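In: no FASTA, just this:
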């Protein structure tokens, strides 16, 4: 577990960022709720923290990827389509 700068907790040790969404969705379902109906997911992306100004890319260090703005937007849209995301902050 790690602690965010605002005091939130999150598990660590993922091989990919999307694993966190998968784990969260699994937890919602195992608690007996329906993702997107009973519980929605809100993300604080904080994209400016991993945007590389000079190269104009978003660096996803966990996955060792660099995404252009359109690629990053496509990734976020795919997550919205695939998971019960109802809110995103600081994209």
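Out: That came through, no problem. All of these numbers come straight from a predicted model, not from anything done at the bench.
In: is the closest residue to residue 68 other than its chain neighbours in a bridge, and if so with what?
Out: Once flanking residues are discounted, residue 68 sits nearest to residue 57: 5.9 Å by C-beta to C-beta, 6 or more residues apart in numbering. Every residue, glycine included, has its C-beta placed from N, CA and C. Beta-bridge partners for residue 57, by DSSP bridges, are residue 52.
In: can you name every helix or strand that the host helix or strand of residue 88 contacts?
Out: In this assignment (DSSP states H and E), residue 88 forms part of strand 85-89. When contacts are defined as 3 or more C-beta pairs under 8 Å, 6 or more residues apart in numbering; DSSP states H and E, strand 85-89 packs onto strand 41-44, helix 69-82.
In: can you rerun that using 7 Å?
Out: Packing partners of strand 85-89 (3 or more C-beta pairs under 7 Å, 6 or more residues apart in numbering; DSSP states H and E): strand 41-44.
In: what helices or strands is the strand it packs on leaning on?
Out: Secondary elements touching strand 41-44 (3+ C-beta pairs under 7 Å, 6+ apart): strand 85-89.
In: ok, the strand it packs on: who's next to it in the sheet?
Out: strand 41-44 (parallel).
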